[in-house]
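S.K.: please work out how this folds:
(chains A and B)
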Amino acid sequence: MLKNRIIPCLDVKNGRVVKGINFVDLKDAGDPVEQAKIYSDGGADEICFLDITASNENRDTIYEVVEKTSKKCFVPLTVGGGVRSIDDINKLLNCGADKVSINTAAVQNSKVVEDSSKKFGSQCIVVAIDAKKKDDGWEIFTHGGRNPTSINALEFASKMEKCGAGELLVTSMDKDGTQSGYDIELMHKISSMVNIPVIASGGVGTLDHLVDGIKSGASAVLAASIFHYGTYSVNEAKQYLASKDIPVRI
Amino acid sequence: MNVTIVDYNSGNISSVINSFKEVAKDKVNIEVTSNLNKIKSSDKVVLPGQGSFKSCIDGLNSINGLIDTLSEFALNNKKPLLGICVGLQMFADIGYEEVETKGLGWISGKVSKIDNQNGKYKLPHIGWNQINIAKDSKIFKDIENNSHMYFVHSYEFIPNDNSVTAATTDYASNMVCAVEKENIFGTQFHPEKSDKIGLKIINNFINL
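M.R.: Alright, predicted model coming up:
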């Protein structure tokens, strides 16, 4: 039976982890490689890096991070943030990323998704959707949630599936950072509409939120803070899900 | 010992390279190449494969003499060869992804889209699933039945003769996920991404 995935996400800026796990035995709390290794040793089903490096001259730092991580972690590694072109995707994959998540570029030019899924295979193309609730549905935003687009999230999700995306990483901007749980309605609507797996993101504060995320229809749940700050370990999260009869890999 | 990972523009092979190097350490030489002489002289060959069946077959065909060299290695010289993901699928006679495409024909069978039962199951089949070991394959030495492996695919290999099936997995239906035919091995899942248990399979192959 296919198991539901738990994916810890690390925010990386200029090659360093922004919010890190506060473990005493960590030699370097800002080292993304070491943190990713802790997650994979702890049973993470995948690891996600979100590169939030703002300046162009430091963009290359992520490649080095990915290269080092992929030599130590033998679970799938997804990298997102600032991915604009086929060339960017190619570079990340060559460094050892297994999947690449595309956000702004997918909205600006859906051909990037079409071309890259043809070239590299759908299995490595994840489209990241940042959505905010409006009166009549959800609107997607680009550039790390800064720019509104007036594009409907459900329509966009469906379009990305047709373009060849292998998975959708759906983040509720209303919920992100609030620790009040995923936007269950959004996750449910998108995952019941598309035939590709949905990764729920944004808002996790408790282990019950992970349970709710899976029950909404998502195939995987992504979380950052609860793991970053050591509130829960990945293993604790999995044990909890298992105790609620949600199939996970233990 | 030399283990060659065939580099034929089959998509992303970094993870395969990293995992084999991790397992091999300094004991075994891991070569990544499409050089025919190097392939001929190696002890074992790994055939990775990502993307579509057609794009991988096209990739093999784009290198003059590569298919003949691989066939000679696996069929005539009977040296160990491991196909991963589309690398396994290409053993079939025919594949139906994008367009009908002729496969290597090493293990009789076809590659078809997973029947998702009218949308009841999502595709691709992505994530960790358990394998049911069907026969005592050498690559499953010390691997427990029902171990979790990492999968990502939308097409499945359907062999004509079930005796080649080394393991199956349950998703939408009971699918073949590993094969063994004499010296030819294949996994639909990704041992290179299946954590310690996956590395153990790679170790088993290297130590054949």
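S.K.: helices along the chain, start to end?
M.R.: Going with chain A. Applying DSSP state H to chain A gives helices spanning A:32-41, A:61-70, A:86-95, A:104-108, A:111-120, A:153-163, A:184-193, A:207-215, A:225-228, A:234-243.
S.K.: that was the other one, I meant chain B.
M.R.: Counting by DSSP H, the helices of chain B are B:14-24, B:36-41, B:53-61, B:66-71, B:86-89, B:195-206.
S.K.: closest to chain A out of those?
M.R.: Chain A lies closest, by C-beta to the nearest C-beta, to one member of the helices of chain B: helix B:14-24, at 4.3 Å. All C-beta spots, glycine's among them, are computed from the backbone N, C-alpha and C.
S.K.: show me what that closest one is packed up against.
M.R.: On a contact count with 3 or more C-beta pairs under 8 Å, 6 or more residues apart in numbering or on different chains; DSSP states H and E, helix B:14-24 meets helix A:61-70, helix A:86-95, strand B:2-6, strand B:29-33, helix B:195-206.
S.K.: could you dump the ones you listed into TSV with mean pLDDT and distance to A:G202 added?
M.R.: Converted to TSV, the helices and strands packed on helix B:14-24 look like this (pLDDT from 0 to 100; distance: least, C-beta to C-beta, whole Å):
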stretch	mean pLDDT	distance to A:G202
helix A:61-70	95	22
helix A:86-95	94	23
strand B:2-6	97	39
strand B:29-33	97	39
helix B:195-206	98	27
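S.K.: the ones you listed: which one's closest to A:V234?
M.R.: Smallest distance to A:V234 across those (C-beta to C-beta): 12.4 Å, for helix B:195-206.
S.K.: give me the contact list for the closest one.
M.R.: A:40, A:74-75, B:1, B:3, B:19-20, B:22-24, B:28, B:44, B:46, B:80, B:82, B:138-143, B:147-150, B:185, B:187, B:189-192, B:194 (C-beta atoms under 8 Å, 6 or more residues apart in numbering or on different chains).
S.K.: can you give me the neighbour number for B:N9?
M.R.: B:N9 has 14 neighbours, counted by other C-beta atoms under 10 Å in any protein chain shown.
S.K.: chain neighbours aside, what residue packs nearest to it?
M.R.: B:G59 (4.6 Å; C-beta to C-beta, 6 or more residues apart in numbering or on different chains).
S.K.: and the pLDDT for the one you found?
M.R.: As predicted, B:G59 sits at a pLDDT of 95.
S.K.: what does A:D25 give?
M.R.: We have a pLDDT of 53 for A:D25.
S.K.: again with A:K19
M.R.: So, for A:K19, pLDDT stands at 63.
S.K.: residue numbers of chain A in contact with chain B?
M.R.: Chain A comes close to chain B at residues A:1-5, A:40, A:45, A:70-71, A:74-76, A:93-98, A:119-124, A:166-167, A:195-197, A:219-220, A:249, as judged by C-beta under 8 Å from any C-beta of the partner chain.
S.K.: contact partners for B:Q117?
M.R.: Counting by C-beta under 8 Å, 6+ apart, the residues that B:Q117 touches are B:A172.
S.K.: just want the phi and psi numbers for it.
M.R.: Main-chain torsions, B:Q117, degrees, to the nearest 10: phi 50, psi 60.
S.K.: neighbours of B:N118, how many?
M.R.: B:N118 - counted by other C-beta under 10 Å - has 7 other residues nearby.
S.K.: again with B:C56
M.R.: For B:C56, using other C-beta under 10 Å, the count is 28.
S.K.: how close does it sit to B:V99?
M.R.: The gap separating B:C56 from B:V99 is 13 Å, by C-beta to C-beta, to the nearest Å.
S.K.: for A:K215, which of the helices and strands packed on helix B:14-24 is the nearest?
M.R.: Evaluated with C-beta to C-beta, those place helix B:195-206 nearest to A:K215, the distance being 26.2 Å.
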